[in-house]
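Chemist: Whatever this is, show me its structure:
(chains A, B, C and D, ligands or ions: 2)
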2 protein chains.
Amino acid sequence: MDGVPQPTIERLVIYYRYLKKLVAHDDDKVISSLDLGHSVGVSAAQVRKDLSYFGEFGCKGVGYNVSNLKKSLEQILGFNQNWPIVLVGAGNIGRALVNYPGFKVMGLNIIAIFDCDLDKIGNRVGGLIVKSNKEIERVIKDKGVELAIIAVPVDEAQGVAEKLVKAGIKAIWNIAPVTLKLPDNVLVYYEDLASSLVTLTYRLSQKRLKARSN
Amino acid sequence: MDGVPQPTIERLVIYYRYLKKLVAHDDDKVISSLDLGHSVGVSAAQVRKDLSYFGEFGCKGVGYNVSNLKKSLEQILGFNQNWPIVLVGAGNIGRALVNYPGFKVMGLNIIAIFDCDLDKIGNRVGGLIVKSNKEIERVIKDKGVELAIIAVPVDEAQGVAEKLVKAGIKAIWNIAPVTLKLPDNVLVYYEDLASSLVTLTYRLSQKRLKARSN
DNA sequence: GAACTTTAGAGAATATTTTCACAAAAAAAG
DNA sequence: CTTTTTTTGTGAAAATATTCTCTAAAGTTC
Ligand SMILES: NC(=O)c1ccc[n+]([C@@H]2O[C@H](COP(=O)([O-])OP(=O)(O)OC[C@H]3O[C@@H](n4cnc5c(N)ncnc54)[C@H](O)[C@@H]3O)[C@@H](O)[C@H]2O)c1
Ligand SMILES: NC(=O)c1ccc[n+]([C@@H]2O[C@H](COP(=O)([O-])OP(=O)(O)OC[C@H]3O[C@@H](n4cnc5c(N)ncnc54)[C@H](O)[C@@H]3O)[C@@H](O)[C@H]2O)c1
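Modeler: Ligands and ions are numbered 1, 2, ... in the order given. Prediction:
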């Protein structure tokens, strides 16, 4: 059940969202890897290979039962579990994330938001009240939280990360564009918005160069 | 100059940020691939390979001149160019992105923000006034904009994307979690925040399973 | 200035991920 | 009931990306 490529997991989420839309519209009872792939911009072979890491979900000559496949993906991706999450940094990005309703359907629940700025502590963000950093450890331990989001300025991220790990956090999603130095047993995933955008400008330049040389 | 791995570009941005910090602190005149790599969580070989796609920047037995390498990366990544960008959707994420000062140093300039909600049009976001969707085409053509960010709800994204492409947009950074159907010559990069988080919960589950089976 | 140390660059070897190709199962057509 | 069509699942092949290994250049030590 391991040895699953990283990109496969991300694509499963994409398949899931499309299937959910189909179920909601009661559009189709069954879908082929070709149609599913085409709908989400992935090859049919890739769809089948991605699913094959987890078992057999389709029927030869027919395709996949939409509703069942959706349920299987929920199971695989852990959407029926509850993942309590704490978020540090009640700034622009932090507030956007807390206000976003799309995480809940995936079992992702931001249960607390922390900040060190006295002007922000006590404010309401989404359904939460911004708490002081001083409560980080207590909340994490009380609720047995393993996953945290870091949305503080670059220079604060390392310190916040260490505090989180000390409190028991096992995985961090870091939006601050800085590499964290943490024990190997802590999972860290970097969400680097600027570098994604730069990839796009880079490819745009490449295309221009190629066009010019033709 | 092509055939550069996608991940290499993203890492170059990471190297760049670290070098910028060194230059600002006047910390080091020279850095080895080992030190640079170690600082940003990448192997030394990876650092050297990444740079080798673009030329020779180091000195054997010595390392890389920090300031020169930073300048070379600026050149490679197009940070000294001006990339005007339009953003559609003055919601939570859209406003966060416009307010973020970190894009400017990479030549990324959000020059206009659009929304269709009358309550939002006319509001100030960062240094910009939210404009009506009706002005999208005019602004893009007037300013020769090629790059757009989509930050509207899922169901609106396809329509907005088509409007942008018709106005001349060549590359889209889509934050709405939905696959866009656009002509092949339009570059699309998806920023899927939820799927990143799910990858993390998935890996966390895996680790738990592995720990339990030991 | 000879021997040693450090470190970039590059090609080879590995590892990872995607695509291909086809057998086998299910359904549909004849 | 046989043939044809559809479509999955999978092992092999291809493509992509990373790591290893070694050479040679630059600097340092003695
Ligand atoms: N806003 C964006 O679009 C964007 C894009 C890319 C990256 N980022 C990164 O995301 C992070 C947050 O960005 P933002 O725009 O939300 O910034 P922001 O300044 O709006 O918010 C940062 C928040 O963190 C709080 N904070 C500072 N130090 C803290 C600490 N030690 N403990 C707890 N809270 C602390 C501040 O009080 C503030 O509320 C930054 O690292 C930024 O580089 C943001
Ligand atoms: N906020 C998050 O943390 C988050 C996380 C993941 C994904 N997303 C995605 O990002 C997108 C935006 O999220 P958000 O939280 O900012 O939502 P939001 O509701 O706060 O903002 C959406 C904005 O788009 C505007 N809009 C709607 N239709 C439009 C149209 N046709 N043309 C122009 N403007 C239009 C709305 O008026 C609103 O201002 C959504 O697709 C969401 O799924 C957001």
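
Chemist: Now residue A:4: closest residue in space that isn't a chain neighbour?
Modeler: Nearest non-adjacent residue to residue A:4, counting by C-beta to C-beta, 6 or more residues apart in numbering or on different chains: residue A:53, 4.7 Å away. C-beta: built from backbone N, CA, C; applies to glycine.

Chemist: surely that neighbour meets residue A:8?
Modeler: Yes - contact criterion C-beta atoms under 8 Å: residue A:53 and residue A:8 qualify, at 6.3 Å.

Chemist: Give the burial count for the residue nearest to residue A:4, as a bare number.
Modeler: 15 (other C-beta atoms under 10 Å in any protein chain shown).

Chemist: likewise residue A:155?
Modeler: Applying other C-beta under 10 Å, we find 10 residues neighbouring residue A:155.

Chemist: Would you mind naming the helix or strand containing it?
Modeler: According to DSSP states H and E, residue A:155 maps onto helix A:154-167.

Chemist: wait, does that helix contact ligand 1?
Modeler: Yes - using C-beta under 6 Å from any ligand atom, helix A:154-167 reaches ligand 1 at A:154, A:156, A:160.

Chemist: hmm, the helix or strand following that helix touching ligand 1?
Modeler: For helix A:154-167, the succeeding helix or strand toward the C-terminus, using DSSP H and E, is strand A:171-174. No - judged by C-beta under 6 Å from any ligand atom, strand A:171-174 and ligand 1 are separated, with a smallest distance of 8.6 Å.

Chemist: What is the helix or strand that contains residue A:37 packed up against?
Modeler: In this structure, residue A:37 sits in helix A:33-40 according to DSSP H and E. Judged by 3 or more C-beta pairs under 8 Å, 6 or more residues apart in numbering or on different chains; DSSP states H and E, helix A:33-40 is in contact with helix A:6-25, helix A:44-52, strand A:63-65.

Chemist: Got the phi and psi for the residue nearest to residue A:51 when sequence neighbours are not counted?
Modeler: Excluding the flanking residues, the one nearest residue A:51 by C-beta to C-beta, 6+ apart is residue A:57, at 5.4 Å. Backbone torsions for residue A:57, taken as degrees, to the nearest 10, come to phi -120, psi -10.

Chemist: ditto for residue A:205
Modeler: According to degrees, to the nearest 10, residue A:205 has phi -60, psi -50.

Chemist: what number of residues lie near it?
Modeler: So residue A:205, with other C-beta under 10 Å, has 16 neighbours.

Chemist: Cross-check the contact I'm expecting between residue A:161 and residue A:182.
Modeler: Yes - between residue A:161 and residue A:182 there is a contact at 5.9 Å, judged by C-beta under 8 Å.

Chemist: what about the residue of chain A found nearest ligand 2, how many residues close to it?
Modeler: Nearest residue of chain A to ligand 2, counting by C-beta to the nearest ligand atom: residue A:100, 3.4 Å away. By the criterion of other C-beta under 10 Å, residue A:100 has 17 neighbours.

Chemist: Report the contact partners of it.
Modeler: Residue A:100 makes contact with B:92-93, B:193, according to C-beta atoms under 8 Å, 6 or more residues apart in numbering or on different chains.
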